[in-house]
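Everything below, folded, please.
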Amino acid sequence: MAEKDTSNKKIRVLLAKPGLDGHDRGIKVIATALRDAGMEVIYTGLRQTPETIVNAAIEEDVDGIGVSILSGAHMTLFPAILAQLKKQGVDDIVLFGGGIVPNEDKEKLEKAGVKKVFTPGAPIVEIIDFVRNEVGRNRADEKIM
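Numbers count the residues shown, from 1 in each chain. Alright, predicted model coming up:
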């Protein structure tokens, strides 16, 4: 079994705004920061469904999905995205996100399978480091059979 050369491969991240939330300034800042940090970023835009997010992630062969939820629907939308990933048989895409999420909900989401939930005020460098260390790990661990 030969290892895949991942040294020149950029981390690929899909960013999305699920649901009816129309506040996209924050996710655009994150998209720019990740791109400026050397990652490939696919931004799907506003009002995405969990199904379209997961389908786009599979089609784009991404390492991670980042979603921004400011509408208060985080306890519905994050689990729906996790369910779609499971339904599609995807276990190698890291789901993370951010938004207005109370600490008790953040803990529940992270226990359910969301790798990390960032809240307002999280330093951008912390998000970049997370994506490099956690999301990028999947890219580095890939093997060719």
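
and Val13, which of the three is it?
The local conformation at Val13, judged by DSSP: H, G, I helix; E, B strand; the rest coil, is strand.

May I ask you to confirm that it is in contact with Gly38?
No: between Val13 and Gly38 there is no contact under CB atoms under 8 Å: 11.3 Å. Glycine gets a C-beta too; all of them are placed from N, C-alpha and C.

higher neighbour count, these two?
Taking neighbours as other CB atoms under 10 Å, Val13 and Gly38 compare with Val13 leading, 27 against 10.

those strands in this structure, which residues are they?
Along the chain, counting by DSSP state E, strands occupy 12-16, 40-43, 64-69, 94-99, 116-118.

Now do Lys4, the pLDDT please.
Looking at Lys4, its pLDDT is 41.

now Gly26
So Gly26 comes in at 92 (pLDDT).

so what's it up against?
Residues in contact with Gly26 (CB atoms under 8 Å, 6 or more residues apart in numbering) are Ser68, Leu70, Gly98, Pro120.

Buried ones among those residues?
Buried members of these, counted by 16 or more other CB atoms under 10 Å: Ser68, Leu70, Gly98.

Just list whatever residues bridge to the residue lying closest to Leu77 once chain neighbours are set aside.
Spatial nearest neighbour of Leu77, chain neighbours left out: Pro18 (4.6 Å); criterion: CB to CB, 6 or more residues apart in numbering. Beta bridges link Pro18 to Gln48, judged by DSSP bridges.

Cross-check the contact I'm expecting between Pro18 and Val54.
No: in terms of CB under 8 Å, Pro18 does not count as a neighbour of Val54; the distance is 10.4 Å.

So for these two, which residues contact both of them?
By CB under 8 Å, 6+ apart, the residues touching both Pro18 and Val54 are Ile81.

quick revisit: just the strands of the chain: most buried one?
Among those, strand 64-69 has the highest mean neighbour count (mean count of other CB atoms under 10 Å), at a mean of 26.

Keeping just the C-alphas, turn that strand into PDB.
What follows is strand 64-69, C-alpha atoms only, in PDB (Å, rounded to 0.1, in the frame of the first residue of the first chain):
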ATOM      1  CA  GLY A  64     -14.300  19.700   5.900                       C
ATOM      2  CA  ILE A  65     -17.700  21.400   6.000                       C
ATOM      3  CA  GLY A  66     -18.000  24.600   7.900                       C
ATOM      4  CA  VAL A  67     -21.500  26.100   8.500                       C
ATOM      5  CA  SER A  68     -22.600  29.400  10.100                       C
ATOM      6  CA  ILE A  69     -25.900  29.400  11.900                       C
END
